[in-house]
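Engineer: below: sequence and its predicted model.
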Amino acid sequence: MILGPVPEGLSPEGWRVLVMTVGATILFITEPIPLPAVALLIILGQVFLLKLDSTVVAKSLMKDSVLFIMGSLMLAVALVKQKLDKRLALLIVRVTGSNTYRIAFGISVFSGILASFIGEHTVAAMMLPVALSLLQLATDDPEKRRALAVLFLFSISYACAMAGIGTPSGGARNAIMIDYLRDFFYAADDPATYEYKVSYLKWMIYAYPVFLIQLPLMHIILRYTFKTDIADLGPAVEKLKEQVGKEGAMEGRHYVAILLFVLTLIGWVGFSSEYGMGTIAILGAVMFLITGLVRWQDLNSGVNWGVVWLYAAAISLGVQMRDTGGAAWVAGIFMDALEPVGLDSGLGLLAAVMVLTTFITNTMSNGAAVAVLGPIVLSIAVGSGTNPLAVGMVTAVSSAFAYFTVIGTPASTIVYSSGYLRSSDFMKVGWRMGIMSFIILALASKYYWPLVGL
């Protein structure tokens, strides 16, 4: 591609950026090399192929969203370190009772609420031992245990995936889209652009109801797709109570950890507009270190620093797609394809973006999908006269529709690692989940978002 002729209407720099994007996308999907190595190649490509000064490239890497992702990963490690999994399982069954389907719904509610604030991979890692504890106490029959496992594990993974859209801290994709909207459209001296500086609370107003509506519908789909013969988990609940009782009451450090996390949430909601979400996230992680609830060695070994580099490089590449005109050129081609079928503006365009994002996010991580698609879909929005904020929100939200594959979301990969699920299970329920989520998002974009000023 890079040795071929530059397409008409595109600058040489724009063409090289698109070649880099295609190359990065192929590497994201096939993973012949570690994904952090892809991030480093993106950085090197900007210097050697685009001829950018290395200092300029370095500055483009450290956005507030990257600090936010880094701080969120550190907070996640600090929370997992407190080992509250069995206590959380007991809390769930105390609320739901011993009925199997009520426990499954309780698992999805707790998973969803937690994942909407601290990231799906963290919550999936926290909740998997919760589900496995109940499974091991419920029955010794392998077939019955697998039937129960499918219900419980999908209650975790799908709740985590759809909840990640609820707040900016729910997933890296949200922070990436917020950064794109601010970088592409916001100007401090132009009040007309202030709507594109999306705060933590504003994102919640737009996205959280979409998650809440999907949650009970997800449970209904799972309940009728995967049935189990075990209707009551009373004996398992009693055994769980005995195990938690042997561990003793909650200690002071548990309450301090909960307090610090709540204070971090308050900081995100109340002060992120002034100080940045990344600053608040780093502050929360530092407080866990200062209070001794986590050691730096724990953070250093527990945080996937390669993920931080991956998102930093992807965001930087997205900025170059905009600056070189590459994103606008791809957007024009996409618009030309949509115009004959009437999907080049308004709700039709939003539906097309949903389909495109859903396809991409089932082949790579949702954060990478938004990083690649963000500049393109925002350019499409400008060219079509559609609100870029609405297009950006649709892209971020539909990146959660990775229901069809094991690799679609970190939560799915984590629960699959338990050994109870098969790849065919994802396809069996995934298409039902996809249709449900697509309809809910389409209705929200048409009826709910206009009511709240979007």
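Structural biologist: That came in fine, so what should we check first?
Engineer: quick one: average pLDDT of the helix or strand containing Phe110?
Structural biologist: Using DSSP states H and E, Phe110 maps to helix 100-118. For helix 100-118, the mean pLDDT works out to 88.
Engineer: what helices or strands is it leaning on?
Structural biologist: Applying 3 or more C-beta pairs under 8 Å, 6 or more residues apart in numbering; DSSP states H and E, we find helix 100-118 packed against helix 64-80, helix 85-96, helix 120-138, helix 142-163, helix 200-225. For glycine as for every other residue, the C-beta is placed from the backbone atoms N, C-alpha and C.
Engineer: how deep is the nearest residue to Asn366 once chain neighbours are set aside tucked in, by neighbour count?
Structural biologist: Once flanking residues are discounted, Asn366 sits nearest to Ser399: 4.1 Å by C-beta to C-beta, 6 or more residues apart in numbering. Number of residues near Ser399 (other C-beta atoms under 10 Å) recorded here: 33.
Engineer: dump the residue contacts of Ser399.
Structural biologist: Applying C-beta atoms under 8 Å, 6 or more residues apart in numbering, we find Ser399 in contact with Arg173, Thr357, Ile360, Thr361, Asn366, Gly367, Ala369, Val370.
Engineer: could I get the helix holding Phe110 in PDB with only the CA atoms?
Structural biologist: What follows is helix 100-118, C-alpha atoms only, in PDB (Å, rounded to 0.1, in the frame of the first residue of the first chain):
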ATOM      1  CA  THR A 100     -31.100 -19.400  41.400                       C
ATOM      2  CA  TYR A 101     -32.400 -16.900  38.900                       C
ATOM      3  CA  ARG A 102     -32.600 -14.200  41.500                       C
ATOM      4  CA  ILE A 103     -29.000 -14.800  42.400                       C
ATOM      5  CA  ALA A 104     -28.100 -14.700  38.700                       C
ATOM      6  CA  PHE A 105     -29.800 -11.300  38.400                       C
ATOM      7  CA  GLY A 106     -28.200 -10.100  41.600                       C
ATOM      8  CA  ILE A 107     -24.800 -11.100  40.200                       C
ATOM      9  CA  SER A 108     -25.500  -9.100  37.000                       C
ATOM     10  CA  VAL A 109     -26.700  -6.100  39.000                       C
ATOM     11  CA  PHE A 110     -23.700  -6.000  41.300                       C
ATOM     12  CA  SER A 111     -21.300  -6.700  38.400                       C
ATOM     13  CA  GLY A 112     -22.900  -4.000  36.300                       C
ATOM     14  CA  ILE A 113     -22.900  -1.300  38.900                       C
ATOM     15  CA  LEU A 114     -19.300  -1.900  39.900                       C
ATOM     16  CA  ALA A 115     -18.200  -2.200  36.200                       C
ATOM     17  CA  SER A 116     -19.800   1.100  35.300                       C
ATOM     18  CA  PHE A 117     -17.300   2.800  37.700                       C
ATOM     19  CA  ILE A 118     -14.100   0.700  37.800                       C
END
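Engineer: just the angle for that helix relative to helix 142-163, thanks.
Structural biologist: Going by axes from the mean of the first three to the mean of the last three C-alpha atoms, to 10 degrees, helix 100-118 is angled at 30 degrees with respect to helix 142-163.
Engineer: related to what we said a few turns ago, closest to Cys160 among the contacts of Ser399?
Structural biologist: Among these, Asn366 lies closest to Cys160 (C-beta to C-beta), at 11.5 Å.
Engineer: how many neighbouring residues does that closest one have?
Structural biologist: Neighbour count of Asn366, defined by other C-beta under 10 Å: 29.
Engineer: and Lys202, by the same measure?
Structural biologist: Number of residues near Lys202 (other C-beta under 10 Å) recorded here: 18.
Engineer: returning to what we had before: which one of the contacts of Ser399 is nearest to Ala192?
Structural biologist: Of all these, Ala192 sits closest to Val370, with 25.2 Å by C-beta to C-beta.
Engineer: and the residue nearest to that closest one when sequence neighbours are not counted, what pLDDT?
Structural biologist: Using C-beta to C-beta, 6+ apart and skipping the chain neighbours, the partner closest in space to Val370 is Arg173 (4.0 Å). We have a pLDDT of 84 for Arg173.
Engineer: Arg173 contacts Asn366, correct?
Structural biologist: Yes - between Arg173 and Asn366 there is a contact under C-beta atoms under 8 Å: 4.9 Å.
Engineer: need the overlap of contacts for these two.
Structural biologist: Listed as contacting both Arg173 and Asn366 by C-beta under 8 Å, 6+ apart are Gly164, Ser399, Ala400.
Engineer: make JSON lines out of those and add pLDDT.
Structural biologist: As requested, the shared contacts of Arg173 and Asn366 are exported to JSON lines (pLDDT from 0 to 100):
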{"residue": "Gly164", "pLDDT": "87"}
{"residue": "Ser399", "pLDDT": "89"}
{"residue": "Ala400", "pLDDT": "89"}
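Engineer: can I get these in a markdown table including distance to Gln297?
Structural biologist: Shown next, in a markdown table, are the shared contacts of Arg173 and Asn366 (distance: C-beta to C-beta, whole Å):
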| residue | distance to Gln297 |
| --- | --- |
| Gly164 | 28 |
| Ser399 | 33 |
| Ala400 | 33 |
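Engineer: now, among those, which is nearest to Ile435?
Structural biologist: Closest to Ile435 out of the shared contacts of Arg173 and Asn366 is Ala400 (14.5 Å), distances taken as C-beta to C-beta.
Engineer: isn't that closest one up against Ala161?
Structural biologist: Yes - using C-beta under 8 Å, Ala400 is in contact with Ala161, at 5.1 Å.
Engineer: quick check: neighbours shared by those two?
Structural biologist: Common contact partners of Ala400 and Ala161 (C-beta under 8 Å, 6+ apart): Thr409.
Engineer: do you have the helices of the stretch 351-454 of the chain handy? List them.
Structural biologist: 366-384, 388-398, 410-416, 423-443, 449-451 (DSSP state H, counting those that start in this stretch).
Engineer: can you say which of those helices is nearest to Ile220?
Structural biologist: With C-beta to C-beta as the criterion, Ile220 lies closest to helix 423-443 of the helices of the stretch 351-454 of the chain, at 9.0 Å.
Engineer: and the angle for the closest one with helix 388-398?
Structural biologist: Between helix 423-443 and helix 388-398, the angle comes out at 160 degrees (the same axes, to 10 degrees).
Engineer: what residues does helix 423-443 touch?
Structural biologist: With contact meaning C-beta under 8 Å, 6+ apart, helix 423-443 is reached by 150, 154, 158, 162, 210, 213-214, 217-218, 221-222, 225-226, 347, 350-351, 354, 358, 394, 397-398, 400-401, 403-406, 408, 412.
Engineer: check stretch 33-52 too.
Structural biologist: Stretch 33-52 is touched from outside by 2, 13, 16-17, 19-20, 23-24, 27-28, 53-54, 57, 60-61, 305-307, 309-310, 312-314, 316-317, 320, 324, with contacts defined as C-beta under 8 Å, 6+ apart.
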